[in-house]
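**Q** Just to be clear, the model below is a prediction. Sequence and coordinates:
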Amino acid sequence: MRPPPVTAAVRVRRAEVSDLDDLVALEESSFAQDRLSRAQYRKHLDSESALVLVASANHRRFLGTAVVFFRKGSTVARLYSLATTPQAQGKGVGSALIETSEDTARSRGCRALRLEVRKDNAVAIRLYERLGYRSIGEYVRYYADGADALRFEKPL
């Protein structure tokens, strides 16, 4: 018997300290450079200006994470990081994390959500465009390895 599809039970919630090991492990497996450290995650979990979300299929099946930053006095939130486990990719987990990020930003009075994405990350770019994000610019040599970034924004 096959396990149910991941999308059947995706639940997104605010991350807790007990998620720290899973957050760090996913960060390390998802990104070669420009990673959030354990200390940074720990700081963001308690911060009013950051939101760390996790997606799971049940209480222990960790599927992905999103990190959103809010700046005091600004109506623009920033999706800083989005990562999903390999088995969750293409199954709606990223979309669920982004939609929850958007809902939270709206509830905090934000009018737009912005993000940067590697110019060579076609899968992520398609996801963002499908969810209504539009390119608003580019950063040359933005990442530690010299890769360029595209800037995207969606009005909320």
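**A** Yep, it's here.
**Q** Point out where the chain drops to low pLDDT.
**A** For the chain, the stretches with pLDDT under 70 are 1-8, 32, 58-60.
**Q** now the strands for it?
**A** Secondary structure of the chain (DSSP state E): strands at 11-14, 50-56, 62-69, 76-84, 112-118, 134-139, 149-155.
**Q** who touches the shortest one?
**A** Read it as strand 11-14. 51-58, 96-97, 100 (Cβ atoms under 8 Å, 6 or more residues apart in numbering). Any C-beta I mention is one placed from the backbone N, CA and C, and that applies to glycine too.
**Q** buried set for it?
**A** residue 12 (16 or more other Cβ atoms under 10 Å).
**Q** Direction included, what does that strand pair up with?
**A** strand 50-56 (antiparallel) (DSSP bridges).
**Q** The partner strand to strand 76-84, inter-axis angle?
**A** 30 degrees (axes from the mean of the first three to the mean of the last three Cα atoms, to 10 degrees).
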